[in-house]
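In: Predicted structure and sequence below. I'll ask about it afterward.
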Amino acid sequence: MEDYKRKQKTSVLLKRFLPYYKRYIGWLVFDLFCAGFTVISELALPIIARHITSVGLETPELLTLQYIGKIAGLYLLLRILDCAANYYMAAGGHIMGTHMETDMRTDLFNHLQTLSFTYYDNTKIGQLMSRITSDLFDIAEFAHHCPEEYFVASLKFIGSFIYLARINLKLTLAMFILVPLMTIFVKKFRTQMRDASKKQRFQLGEINADVEDTLLGIRVVKSFANEETEKEKFKKSNSLFFEAKRKMYYAMASFHTTIRFFDGLMYILVVCLGAIFIMRKEIEPADLTAFLLMVSTLLGSIRQIVQFSEQFQRGMTGVERFTEIMEIQGEDADETGTLEMENVKGDIEFKNVTFSYSDESSEVLHGVNIQIKEGQNVAIVGPSGGGKTTICNLIPRFYKISEGDITIDGTDIKEFTLASLRNNIGVVQQDVYLFSGSIRQNIAYGKQNATEEEIIEAAKKAGAHDFIMELSDGYDTYIGERGIKLSGGQKQRISIARVFLKNPPILILDEATSALDNESERLIQHSLEELSKGRTTLTIAHRLTTIKNADKILVLTKDGIEEQGTHKELIAKGGMYSKMYEMYSN
C-alpha cells in the first residue's frame, strides 16, 4: 500500500524541479517582467484615487476636466500595457509550462525504458499512466504560475507596505501583522491538502489500472459472465477515489474558510483603526481611501495565492510522484560492462548460478550449472516452477543473478553492454506481444532500418508471407491492439519473422508453441527449425515431442538439473524424462 504522507520536503522537490527552467529562462524572465508591470498598473489605482481625493478636499479648483482627462489618459495607457502584459502571461507563460511538461514527460518515459523487469513485476501500468499524464499536466500549470504568483504577491506586499508606511506606519503595521498570523493558521491545512492530493492521485492510478485490466481482458470477463464482478471491483475503486477527493475538499474548505476569516478581519481592522486615526487627526480621509483600496488589492492578491495554493499542492504532489520514479535506479545504473559483443559464437555457460526474485522470496535456482556449445540446440523441460523461464530471462540480464556467473564465449555477460548483449539474443515467447499498427511495422521492430525486401524475406522464412498476402491490405494491414485481429498462430509467425529479421546468433524459444493448436504448432515448429539453423538455441518445451531432435535435453526441477542427455539416452535411462514423455504420449 502506498504511503500518502509526504516523503520529501518541499525544498528538496523544488531543487529537483528547478533545473527544468534552465532552457526557458528567457521566457521566465520576460513573464516575470510582465507580471511586475501588472503590479505597477494595479497599485497605481489607489495612488491615483488618494491623489484625486486629496486635491478635491484641499484644492478643489484644480479638478478641471483637462486635469482629470490627463489622469484618466495616463491610467488608460497603463491598463492597455497591463492587458498586453497579461496576454503574454496567459499565452507565453502557459507555453513555457507546456514545454517543461513535455521535457519532464520525455525524461520520465525515457527513464521508464531503463527500469528492470523487477520494477514492472511489482507496478501497475495504470499507475504509471496516471503519473505520465495527469500528474505532469498539473506540473505544467504549477511551473508557469508558481514563480509568477509569488513574484506578484511579493511586489504587491513590498510596494504597498512602503507606500502605506509613508502615509501611516501604525495602521500599516496593524494591517500587515495579520499576514504572518494567517500564514501560521493555514499551514496546517496546506499540509492536509498535500497529503490528500497524493492519496487522490494514487486512487486515480488505481482506477486507471482497474479499467485497463478489465478492458484488456474483456473477452475473458464476458466468457465467464463476470461483468457484475468487474462492476463491483470498479465500484470499490471509484468509492475509494471519492473518499480521497472528499478529504481533499474538507481540507480545502478549511483552508478557504480560514483565509476568508482573515480577509474580513483585515477589512474591519483598517476601517476601525482608520476611523480612530481620523478622529485623532493622524491621517486624512484621502489616506483612509488609499488604505481601503490597497487592502482590496492585497486581499485580491491573497485570494490568488489561496487559489494557487490548491494548484501548488497538486503541482508538488506531481513533482513528488515524478521524483519517486526518477530516483529508482534503472538497469543502466548497474551497467558496469563496456565490452561490445562482436563475432559471437554462442558458447553459453551457467556456473553455480543462484537466483531469487527478491530478498524475501525463496530461491528459484540454486547452484545451477549448464553448458551449451556453439550452434547446439539445447532443450529444457521439467515441472512448472522449476525455473525454466527464469533461465531464459537471466541470459539477456532481464534480472540480476544472486550468485554465480553466466558467460558467453567465455566472457561474463556483466562485462558486455546491455544493448550489445540483447542485440545478439533473439527471444520467441509463448505470450506474443504485437504493437498496435501494421504487420510491416511489427516485423520491422526486429530491425528498425529494414528494407521492404528484408521484411518480406523474413516473413517468408517464418511461413507468414502467404497469409499476410491474403489479408485486405497485405503488409499494411492494421492488426489492432495486441494483434487482436490475428489468430494465435498468425501472431506467433509474425513474432518469429521479427527474430528472423534481427538475425541473432543466440536464440531463446520460451514455450513458443504451447498455446497453439496442433495444426498451428506443426507450421510454427517448421518455422522454428528454420530459425534455429546455425544458431545456439535454448528451447523451453512443454510438448516433449517438439524437442526430440534437440542436441541435448536438460530436466530441470526445484533441486536443479536432474537429468541431461539426448532424447534416446534419457528414454533408455528410464528416469524422470522417460516418465514425463510416457505421460505426454498417453
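Out: Good, I have the coordinates.
In: Excluding sequence neighbours, find me the nearest residue to Ser160.
Out: With sequence-adjacent residues excluded and distances taken as CB to CB, 6 or more residues apart in numbering, Ser160 is closest to Met294, at 5.0 Å. Placement of C-beta: from N, CA and C, glycine included.
In: any idea whether the residue of the chain most remote from its centre is helix, strand or coil?
Out: Going by CA atoms, centre = their mean, the residue of the chain most distant from its centre is Glu61, 68.4 Å out. Recorded secondary structure, Glu61: helix (DSSP: H, G, I helix; E, B strand; the rest coil).
In: Model confidence for Met252, exactly?
Out: You'll see Met252 listed with a pLDDT of 79.
In: list the helices and strands the helix or strand where it lies packs on?
Out: Using DSSP states H and E, Met252 sits in helix 227-279. Contacting helix 227-279 under the criterion 3 or more CB pairs under 8 Å, 6 or more residues apart in numbering; DSSP states H and E are the following elements: helix 169-176, helix 178-216, helix 218-223, helix 285-326.
In: tell me the most buried of these?
Out: helix 285-326 (a mean of 20; mean count of other CB atoms under 10 Å).
In: Now find how far off-centre that one is within its chain.
Out: Between the centre of helix 285-326 and the centre of its chain there are 28 Å (CA atoms, centre = their mean, to the nearest Å).
In: Could you do stretch 444-451 as well?
Out: For stretch 444-451 - counting by CA atoms, centre = their mean - the centre lies 28 Å from the chain centre.
In: got the contact list for that stretch?
Out: Applying CB atoms under 8 Å, 6 or more residues apart in numbering, the contact partners of stretch 444-451 are 426, 435, 443, 454-455, 458, 497-503.
In: Can you report phi and psi for Gly575?
Out: With angles defined as degrees, to the nearest 10, Gly575 sits at phi -100, psi -140.
In: any idea which helix or strand carries Asn352?
Out: strand 348-355.
In: Quick one: the strands in the protein, in order.
Out: For the chain, the strands defined by DSSP state E occupy 348-355, 365-372, 377-381, 403-408, 411-412, 425-429, 506-510, 536-540, 552-557, 560-565.
In: ok, back up a step: the residue nearest to Ser160 contacts Leu45, doesn't it?
Out: No. At 9.3 Å, Met294 and Leu45 do not qualify as touching, with contact defined as CB atoms under 8 Å.
In: Could you point out which residue ranges in the stretch 451-586 of the chain have low pLDDT?
Out: 481-483, 512-523, 584-586 (pLDDT under 70).
In: Likewise for the stretch 51-200 of the chain?
Out: Applying pLDDT under 70 to the stretch 51-200 of the chain flags the ranges 57.
In: Try it again at 90.
Out: 51-83, 85-95, 97-99, 101-102, 105-200 (pLDDT under 90).
In: Which stretches in it count as helices?
Out: Counting by DSSP state H, counting those that start in this stretch, the stretch 51-200 of the chain has helices at residues 65-114, 117-121, 125-132, 134-167, 169-176, 178-216.
In: Flag every buried residue along the strand holding Asn352.
Out: 348-350, 353, 355 (16 or more other CB atoms under 10 Å).
In: Now do the contacts for Arg493.
Out: 459, 462-464, 467, 523-524, 527.
In: at 7 Å what do you get?
Out: 462-464, 524, 527 (CB atoms under 7 Å, 6 or more residues apart in numbering).
In: Over to Met96?
Out: Per CB under 7 Å, 6+ apart, neighbours of Met96: 24, 27-28, 31, 144.
In: Among those, which one sits closest to Phe416?
Out: Proximity of these to Phe416 (CB to CB) peaks at Tyr24, which lies at 39.3 Å.
In: Now do the nearest residue to the closest one once chain neighbours are set aside against Pro19, distance only.
Out: In space, Tyr24 comes closest to Met96 once its chain neighbours are excluded; the distance is 4.9 Å by CB to CB, 6+ apart. Noted for Met96: a distance of 15 Å to Pro19, by CB to CB, to the nearest Å.
In: try Glu453
Out: 47 Å.
In: Skip the chain neighbours and tell me the closest residue to the residue nearest to the spatial centre of the chain.
Out: When CA atoms, centre = their mean is applied to the chain, the residue found nearest the centroid is Ile132 (3.4 Å). Leaving aside its sequence neighbours, Ile132 sits nearest to Leu108 (CB to CB, 6+ apart; 5.6 Å).
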